[in-house]
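*Asks:* missing the sequence, but the structure's below:
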């Protein structure tokens, strides 16, 4: 579909409105498959795509757990297809904790507020606005582009990307690379603006520890107490000091920070460099070591009854290539009498900060922000790139946003009063449009 050139709606003209409408659709993912689901957001997304003449594939892994995929033909179909993907679900938001309605999509002080403004309905809106811009004008990207909007990323993707890879791999035929969230945003480092391009992400293991013991009366001596045994295991795991280690990505990142700031990269004490990172210091600091955080304890039902079992949940994030080693250490720390099972696990990823796609992403950023520094970094969390990697697809995090230095952007992931500047959304739409035009 084409429009008169004078009346063409540019991606930056509608990205803010699309973001607001997506936020207003509650897609809370409680992790138990009992939330509202993504159906309404998927229908809204599919309608925006179909309105400009592209066909969509809408599918559900379970009732209401809905994903959308569309494909745009490129000028050279012999080139590997590129996937631009986002997720439609969001983590819960307690309204009483927020200063605005978390599902209001309110614009205030030049920012869009609401759950998903950062993670990741902002990127969904940028992708949709760029897709619509290409389709309206009849432009063709250099290669086939696959646009995907998945359900269930916030609970591991079992009803979203992972399900799609296992059950509908034909939707991603010919794809070699993918772009998704949590990369391409700016941060102030040593007083200079730099963009962090995500080229690695830690592995994931959500563990369930179960301790067994002898049930009995709370007034009796009990040397086989499941709660005591579990408490010891959780304490040992939670207090374990994982060593600082440098993967190729984190080493390259810190060397880049050193070059930007003039602060020496001391491998034995990275704190001096981390202090130069401002609001992203904690975000990046978690990628310098493995982590294992206890997140839930559950046992018993009455004050004077010693239960026969006790459970704990542990959130384990592993550096690339270290998952088996980390799990072995956790088994040793847990000790005897503790059963360990996996509620969910997924791979770590690490790809080179090099190649035509990386060069094109850097060029697209610098076209909007000349002379900007671009550094690779590791994500401490995970994305749907993990699922796509099972198809041999190389994934990057690139949701480009130029941000004001005072905004604690990374602190708003899953946080309260999540918000994104409207000008940042427009910047990102322009960068993605340029990327698809030239890569």
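*Replies:* Right, received. Where do you want to start? These numbers were taken from a predicted model, which means no experiment stands behind them.

*Asks:* relative to residue 102, how far out is the residue nearest to the spatial centre of the chain?
*Replies:* Within the chain, one residue has its C-alpha closest to the average C-alpha position: by CA atoms, centre = their mean, that is residue 383, at 4.2 Å. Residue 383 sits 22 Å away from residue 102, taking CB to CB, to the nearest Å as the criterion. All C-beta atoms are positioned from the backbone trio N, CA, C, and that covers glycine.

*Asks:* that older thread, spatially nearest residue to the residue nearest to the centre of the chain, not counting backbone neighbours?
*Replies:* Spatially, and ignoring its direct neighbours in sequence, residue 383 is nearest to residue 180 (4.9 Å; CB to CB, 6 or more residues apart in numbering).

*Asks:* quick one: contacts for the one you found?
*Replies:* Contact criterion CB atoms under 8 Å, 6 or more residues apart in numbering gives 84-86, 120, 123, 383-385, 395-399 as the residues in contact with residue 180.

*Asks:* please repeat the previous calculation with a cut-off of 10 Å.
*Replies:* Neighbouring residues of residue 180 by CB atoms under 10 Å, 6 or more residues apart in numbering: 83-87, 120, 123, 127, 148, 150, 153, 161, 198, 383-385, 388, 395-399.

*Asks:* and the helices in the stretch 1-150 of the chain, which stretches?
*Replies:* Ranges of helices within the stretch 1-150 of the chain are 11-23, 39-51, 121-137, based on DSSP state H, counting those that start in this stretch.

*Asks:* bridged to the residue nearest to residue 383, which residues?
*Replies:* Listed beta-bridge partners, residue 180: residue 397 (assigned using DSSP bridges).

*Asks:* do the same with residue 376
*Replies:* Under DSSP bridges, the beta-bridge partners of residue 376 are residue 197.

*Asks:* isn't it right up against residue 252?
*Replies:* Yes. Look at residue 376 against residue 252 with CB atoms under 10 Å: they come within range, at 5.5 Å.

*Asks:* checking the residue nearest to the centre of the chain next. Helix, strand or coil?
*Replies:* Following DSSP: H, G, I helix; E, B strand; the rest coil, residue 383 is assigned to coil.

*Asks:* got the phi and psi for it?
*Replies:* Residue 383 has phi and psi values of phi -140, psi 180 when expressed as degrees, to the nearest 10.

*Asks:* I figured it hits residue 183, correct?
*Replies:* Yes. In terms of CB under 10 Å, residue 383 counts as a neighbour of residue 183; the distance is 9.0 Å.

*Asks:* what's the overlap in contacts for those two?
*Replies:* 198, 201, 395-397.

*Asks:* thinking again about what came up before, could you pull up the residues touching the residue nearest to the centre of the chain?
*Replies:* Taking CB under 10 Å, 6+ apart as the definition of contact, the neighbours of residue 383 are 85-87, 120, 153, 157, 161, 178, 180-183, 198, 201, 346, 349, 395-397.

*Asks:* try it again with 7 Å
*Replies:* By CB atoms under 7 Å, 6 or more residues apart in numbering, residue 383 lies in contact with 180-182, 201, 397.

*Asks:* neighbour count for residue 376 and residue 252, which is higher?
*Replies:* Neighbours of residue 376 and residue 252, each counted by other CB atoms under 10 Å, are more numerous for residue 376; the result is 25 against 19.

*Asks:* need the contact list for that one.
*Replies:* Residues counted as contacts of residue 376 (CB under 7 Å, 6+ apart) are 197, 199, 249, 252-253, 353.

*Asks:* are any of these buried, and which?
*Replies:* Applying a neighbour-count criterion of 16 or more other CB atoms under 10 Å, the buried members of the contacts of residue 376 are 197, 199, 249, 252-253, 353.

*Asks:* out of those residues, which comes closest to residue 368?
*Replies:* Proximity of those to residue 368, judged by CB to CB, is greatest for residue 197, which lies at 14.4 Å.

*Asks:* for the closest one, what are its contacts?
*Replies:* By CB under 7 Å, 6+ apart, the contact set of residue 197 is 183-184, 361, 374-376, 396, 398.

*Asks:* distance of it from residue 325?
*Replies:* In this structure, residue 197 and residue 325 are 28 Å apart, going by CB to CB.

*Asks:* same question for residue 256.
*Replies:* Counting by CB to CB, the gap from residue 256 to residue 325 is 28 Å.

*Asks:* same question, residue 395
*Replies:* Between residue 395 and residue 325 the distance is 24 Å, computed by CB to CB.

*Asks:* neighbour-wise, which of the two wins?
*Replies:* With neighbours defined as other CB under 10 Å, residue 395 and residue 325 compare such that residue 395 has more, 24 against 12.

*Asks:* count of residues packed around the spatially closest residue to that one that is not a sequence neighbour?
*Replies:* Spatially, and ignoring its direct neighbours in sequence, residue 395 is nearest to residue 385 (2.8 Å; CB to CB, 6+ apart). Here the number of neighbours of residue 385 (other CB under 10 Å) works out to 27.

*Asks:* do residue 115 as well
*Replies:* Neighbour tally, residue 115, other CB under 10 Å: 27.

*Asks:* could the contacts of residue 383 go into a markdown table alongside pLDDT and distance to residue 115?
*Replies:* What follows is the contacts of residue 383, written out as a markdown table (pLDDT from 0 to 100; distance: CB to CB, whole Å):
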| residue | pLDDT | distance to residue 115 |
| --- | --- | --- |
| 180 | 95 | 19 |
| 181 | 93 | 15 |
| 182 | 91 | 16 |
| 201 | 96 | 22 |
| 397 | 97 | 20 |
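
*Asks:* and the helix or strand of the chain with the lowest mean pLDDT, what does it pack onto?
*Replies:* Across the helices and strands of the chain, mean pLDDT, DSSP states H and E gives its lowest value to helix 281-285, namely a mean of 87. The contact analysis (3 or more CB pairs under 7 Å, 6 or more residues apart in numbering; DSSP states H and E) places helix 281-285 against helix 271-274.

*Asks:* and the average pLDDT for the helix it packs on is what?
*Replies:* Along helix 271-274, the predicted confidence averages to a pLDDT of 91.

*Asks:* contact partners of that helix?
*Replies:* With CB under 7 Å, 6+ apart as the contact definition, helix 271-274 has outside contacts at 254, 257-258, 263, 265-266, 281, 284-285.

*Asks:* that concludes my questions; thank you for your assistance.
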